[in-house]
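1. Next comes the sequence, and after it the predicted model I'd like to discuss.
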Amino acid sequence: MKGGKSTKKADTKLTVKKSAPKAKGAKDPNKPKRPASAFFVFMEEFRKQFKEENPGNKSVAAVGKAGGAAWKAMSESDKAPYVAKAEKRKKEYEKTMAAYNKKVADGPNEEEDSDKSKSEVNDEDDEEGSDEDEDDD
């Protein structure tokens, strides 16, 4: 068709592209969280101090901007305690990650997969079976 609009081009522009499923798999809720950097260790204290000095200010952005400015103004010697705390947390994280990775590599145990004991699982199976018998009546 000369001069007419092609519906193929219009269709491809209107279609929503679906993202492919993640190859990594679902996130494990038992995986340890990464430790905070020195700046975020500083911000933990700074937030408390800022809220005491500015009780009327509820803006998260204002706290972040003030904290960032304070961090930039600090000397390396002033930052040292926060860097030390961050390093300590990082070492603890590495230990817990090593234990976690070892646990994952060994494979999950059947007992750890479920919070229910085997008797509770069997009880549920029995209850489901009894419901089926009642439906037949």
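-> Right, received. Where do you want to start?
2. where's the closest residue to residue 85 other than its chain neighbours relative to residue 89, distance?
-> Closest residue to residue 85 apart from its sequence neighbours, by C-beta to C-beta, 6 or more residues apart in numbering: residue 41 at 4.8 Å. For every residue, glycine as well, the C-beta is placed using N, CA and C. Distance from residue 41 to residue 89, counting by C-beta to C-beta, to the nearest Å: 7 Å.
3. And the two? Which one has more around it.
-> Neighbour count, other C-beta atoms under 10 Å: between residue 41 and residue 89, residue 41 has more, with 21 against 17.
4. Show me what the helix or strand containing the more buried one packs onto, helices and strands only.
-> Assigned by DSSP states H and E, residue 41 belongs to helix 38-53. Other elements packing on helix 38-53 under the criterion 3 or more C-beta pairs under 8 Å, 6 or more residues apart in numbering; DSSP states H and E are helix 60-73, helix 76-106.
5. Tell me which of the ones you listed lies nearest to residue 54.
-> helix 60-73 (7.8 Å; C-beta to C-beta).
6. can you give me the angle that closest one makes with helix 76-106?
-> Interaxial angle of helix 60-73 relative to helix 76-106 (axes from the mean of the first three to the mean of the last three C-alpha atoms, to 10 degrees): 110 degrees.
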